[in-house]
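A.B. asks: any chance you could fold what I've pasted below:
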Amino acid sequence: MSDYRVITYAPSLVRVKLFGINLDGFSPDGVVDIERDEGATTFRKAMDGSRTAFVDRYGTYRVSIHLMQTSPTNTWLHQLYKVYQKIGVEFKIPIEIEDKSNNSDKSTFAATDVFFESEPSTNYTSQHETTTWTFICHDGRYT
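C.D. replies: Numbers count the residues shown, from 1 in each chain. So this is what the prediction gives:
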């Protein structure tokens, strides 16, 4: 008998907030991807061949939010992106992501040093397409 258990996620119980405002209109194929951009440990090699390890406790994360192309949230994010382009990197975007699908194993991610990676592409088709907004989050806290 295995000690492993299958964890499934209910997309309706995942909350994504920018500036404290809940986003909605997520893609049925996925809500959000959170991925650490660099390794947690880096190494330096000395002349004698020994190595020193450095732990990066304040990692940079790439957060991708997947929305249905018809979601009104895309319009709001696009307007936010235009403000970001005008103001530049001084425009700080706080992000919070919380999975409430299991109260005992709740996952959270938060960052305040957040930047747009780029403007997402748009496809005009007869199919329901997904728009992916990607953010670079420095000093993210993932628990």
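A.B. asks: phi, psi for the residue most central in space within the chain please.
C.D. replies: Nearest to the centroid of the C-alpha atoms of the chain, with distances taken as Cα atoms, centre = their mean, sits residue 63, at 2.0 Å. Reported as degrees, to the nearest 10, the phi and psi values for residue 63 are phi -110, psi 120.
A.B. asks: contacts only, for the closest residue to it other than its chain neighbours.
C.D. replies: What sits nearest to residue 63 in space, not counting adjacent residues and going by Cβ to Cβ, 6 or more residues apart in numbering, is residue 135, at 4.8 Å. Yep, even glycine has a C-beta here, placed from its N, CA and C like the rest. Listed by Cβ atoms under 8 Å, 6 or more residues apart in numbering, the contact set of residue 135 reads 62, 63, 64, 65, 93, 95, 114, 115, 116, 117.
A.B. asks: buried ones in stretch 25-41?
C.D. replies: 26, 27, 31, 32 (16 or more other Cβ atoms under 10 Å).
A.B. asks: could you check the pLDDT of the third one?
C.D. replies: Each residue has a pLDDT score; the one for residue 31 is 90.
A.B. asks: double-check it against residue 66; I have them as touching.
C.D. replies: Yes - at 6.3 Å, residue 31 counts as touching residue 66 under the criterion of Cβ atoms under 8 Å.
A.B. asks: so which helix or strand of the protein has the lowest pLDDT on average?
C.D. replies: strand 141-142 (a mean of 84; mean pLDDT, DSSP states H and E).
A.B. asks: from the contact counts, what lies against that strand?
C.D. replies: Counting contacts by 3 or more Cβ pairs under 8 Å, 6 or more residues apart in numbering; DSSP states H and E, strand 141-142 is packed against strand 107-111.
A.B. asks: partner strands of the strand it packs on, with direction?
C.D. replies: strand 95-99 (antiparallel), strand 141-142 (antiparallel) (DSSP bridges).
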